[in-house]
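Q: For reference, the sequence and a predicted model appear below.
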Amino acid sequence: MRTLFYACAAAAALLAGCASQVVPPIEGVVWQIDNEHTRPQGDWEKLGVKRLLVQWTVVDNLAFLPGTDVPPGAAMPDWPKIGQQPWAREVIVGLAGRFDERGARGDLENLVAQSAKVARTPPPVNVTGYYFPIEIDPTWMEAYRLKTLLNQLPRPLWISVYDSANVGPEELAQSLVEWLPEDVGVFFQDGVGVHAREAFVARHYINVLVRRLGKDRVRVIAEAFRPQVGGGFRPATLDELRPQLATYQGLPIYLFEGPRYVPPQLVQGLSAAQKER
């Protein structure tokens, strides 16, 4: 049954793709802070970007914003300058997290407590929401523990979700319906950058999540990178990213990750693709 569905979905996506590969407006970019990336620069506003999702402001007990009791990172971001950028008119502030996913999942209570403190001293930008940097997938059998813990954090609040086990969109959505607080939104990681799935399959996941959770609670993170020969990742090429983004027409799209993987030359190509009719 699932094989039949994917075959039909692929055919539908192929027909739709033949009609248009116009790149839709891009709502936001993601910025993942670390000691080497504290000065985000880009011209993403040319794509329509006006929202910045900061993955975290405290990570591995290093703070990248003032006013906390956590040791500071190697350099403090220039938050006032960031807040003046056209691509950061609205900022979703990431709270406290860990680089290691297993470590984060094993330290939920401490991360939530730390995040609650961080939220009381947000950076000097136009904060329009908060993001708890925990990534949820079907293999994490204790994700339900977040149901009560997330109530300690301010709203609007977002988390991110992916499907590493390929259980399917209905199963993924049902698991969230069973425990996720109804006032918490979801960023769905499309998995295209790591070749976990094709964009048309990711689109189906998003459609199901929208149907089950409501359209205002679902946004898509489009992975703007690809595996690099020899290890690591590189920016996606225009030919790789264009059809991926075109598949998400009509959805609120966030590019991961802006400073690393969406340079001016790629922005120029995508901007031109937005103007084609």
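A: Alright, I've got the coordinates.

Q: Any idea what the residue nearest the centre of the chain is bridged to?
A: By C-alpha atoms, centre = their mean, the chain has its centre lying nearest to I221, at 4.1 Å. I221 has the following beta-bridge partners by DSSP bridges: Q189, Y254.

Q: My guess is it contacts V192. True?
A: No: the pair formed by I221 and V192 falls short of the contact definition of C-beta atoms under 8 Å, at 10.0 Å. (C-beta placed from N, C-alpha, C; glycine too.)

Q: Now for the closest residue to P156 other than its chain neighbours, how many residues are close by?
A: The spatially closest residue to P156, leaving aside those adjacent along the chain, is G129, at 3.9 Å (C-beta to C-beta, 6 or more residues apart in numbering). Counted with other C-beta atoms under 10 Å, the neighbours of G129 add up to 16.

Q: Repeat that for R219.
A: By other C-beta under 10 Å, the residues close to R219 number 23.

Q: Can I take it that it is in a strand?
A: Yes: per DSSP: H, G, I helix; E, B strand; the rest coil, R219 lies within a strand segment.

Q: residue contacts, it?
A: Residues in contact with R219, defined by C-beta atoms under 8 Å, 6 or more residues apart in numbering, are 27-28, 158, 185-188, 251-254.

Q: cool, E257 as well?
A: By C-beta under 8 Å, 6+ apart, the residues touching E257 are 29-32, 224-225.

Q: tell me the two of these that are most distant?
A: W31 and F225 (14.1 Å; C-beta to C-beta).

Q: Have a look at these two and say which one is more surrounded.
A: Between W31 and F225, counting by other C-beta under 10 Å, W31 is the more crowded of the two (25 against 21).

Q: Do me a favour and get the end-to-end distance for stretch 165-174?
A: 15 Å (C-alpha to C-alpha, to the nearest Å).

Q: Tell me how confident the model is about it, as a mean pLDDT.
A: Across stretch 165-174, pLDDT averages out at 96.

Q: what's next to it, contact-wise?
A: 2, 137-139, 161, 163, 196-197, 204-205, 207-209, 211-213.

Q: In PyMOL, how would I select the buried members of these?
A: Selecting only the buried entries of the contacts of stretch 165-174 in PyMOL, with 16 or more other C-beta atoms under 10 Å as the criterion:
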select buried, resi 137+138+161+163+196+197+204+205+208+209+212+213
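
Q: When you compare pLDDT across the contacts of stretch 165-174, which one is lowest?
A: R2 (46).

Q: The stretch 1-150 of the chain: strands as residue ranges?
A: 28-31, 51-54, 58-59, 62-63, 90-94, 96-97, 127-136 (DSSP state E, counting those that start in this stretch).

Q: got CSV for those, with distance to L245 too?
A: Output for the strands of the stretch 1-150 of the chain, formatted as CSV (distance: least, C-beta to C-beta, whole Å):
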stretch, distance to L245
strand 28-31, 13
strand 51-54, 16
strand 58-59, 28
strand 62-63, 33
strand 90-94, 20
strand 96-97, 27
strand 127-136, 22
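
Q: May I see those strands arranged in a markdown table, with distance to D239 and mean pLDDT as well?
A: Compiled in a markdown table, those are given as follows (distance: least, C-beta to C-beta, whole Å; pLDDT from 0 to 100):
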| stretch | distance to D239 | mean pLDDT |
| --- | --- | --- |
| strand 28-31 | 20 | 98 |
| strand 51-54 | 26 | 98 |
| strand 58-59 | 33 | 98 |
| strand 62-63 | 38 | 98 |
| strand 90-94 | 30 | 98 |
| strand 96-97 | 33 | 98 |
| strand 127-136 | 28 | 97 |
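
Q: these two touch, right, W44 and W31?
A: No: judged on C-beta under 8 Å, W44 makes no contact with W31 at a distance of 10.4 Å.

Q: Give me the neighbour count for E45.
A: 16.

Q: One more: the one 10 residues further on?
A: The number of residues packed near Q55 is 20, by other C-beta under 10 Å.

Q: hang on, the earlier thing: can you list residues touching both of W44 and W31?
A: What both W44 and W31 touch, as defined by C-beta under 8 Å, 6+ apart, is the set G258.
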